[in-house]
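K.L.:
here is my input, please return the structure:
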Amino acid sequence: MRLGLLRHFPVTLPFPSGWRTSTDLQVWLDHYDRAPITPGPSDLGGVPWQVCLTSDLPRALATARAVFPGQVEPTELLREARFLPFATGSLRLPVWTWYWWVRICWMTGHRSQRPCRDEFRIRVRTMANRLSQATQDTLVVSHAGMMAYLSTELRQRGFVGPRLKMAQHARAYLYQRA
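P.N.:
Prediction:
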């Protein structure tokens, strides 16, 4: 039994730039969640996948339907992590500053982001447990952050596969039991 983790096709909405408020970033994320994808070539690792699980967000669902010929199973468990708005009012910071601030808050368990972080980790563990019990070759279409955490959980459960930081779009990363 093999598992393939595949990141969705690129999204047409560009990454924000300039100085933004926390609310601006939340609005951008909502638009990103609904933005169309740019389909292109995909690398499924040469595996004839039998089952396909996908995030229920439109970009992942559209990718799964484009690369997998059979029925796909959408699930909220494979959604990307979110962050809660910061109570900073109209404070504008460069987007890269927000990026690092969110990461630091996640890593340190800051109370402003702890609910999102903990909920995300529960979803990752739940999906890793489910995939560990799979008996068929399963393609999992998701998002870069989810894939990075999920790959770590799978390796902790005895799977052999790459350590993911930032997955490429539409490329399957293969995992097998050791």
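
K.L.:
where in this protein is the helix or strand with the lowest mean pLDDT?
P.N.:
When the helices and strands of the chain are compared on mean pLDDT, DSSP states H and E, helix 95-108 comes out lowest with a mean of 88.

K.L.:
who does that helix touch, helix- and strand-wise?
P.N.:
The contact analysis (3 or more CB pairs under 8 Å, 6 or more residues apart in numbering; DSSP states H and E) places helix 95-108 against strand 19-20, helix 22-34. Where C-beta positions appear, they are placed from N, C-alpha and C, glycine not excepted.

K.L.:
can you redo the ones you listed as TSV with mean pLDDT?
P.N.:
What follows is these, written out as TSV (pLDDT from 0 to 100):
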stretch	mean pLDDT
strand 19-20	94
helix 22-34	90
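
K.L.:
now these in JSON lines, with mean neighbour count and distance to residue 86?
P.N.:
JSON lines is the format used below for the helices and strands packed on helix 95-108 (neighbours: other CB atoms under 10 Å; distance: least, CB to CB, whole Å):
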{"stretch": "strand 19-20", "mean neighbour count": "16", "distance to residue 86": "11"}
{"stretch": "helix 22-34", "mean neighbour count": "15", "distance to residue 86": "4"}
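
K.L.:
can you redo the ones you listed as CSV with distance to residue 47?
P.N.:
CSV is the format used below for the helices and strands packed on helix 95-108 (distance: least, CB to CB, whole Å):
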stretch, distance to residue 47
strand 19-20, 41
helix 22-34, 29
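
K.L.:
fine by me, thanks again.
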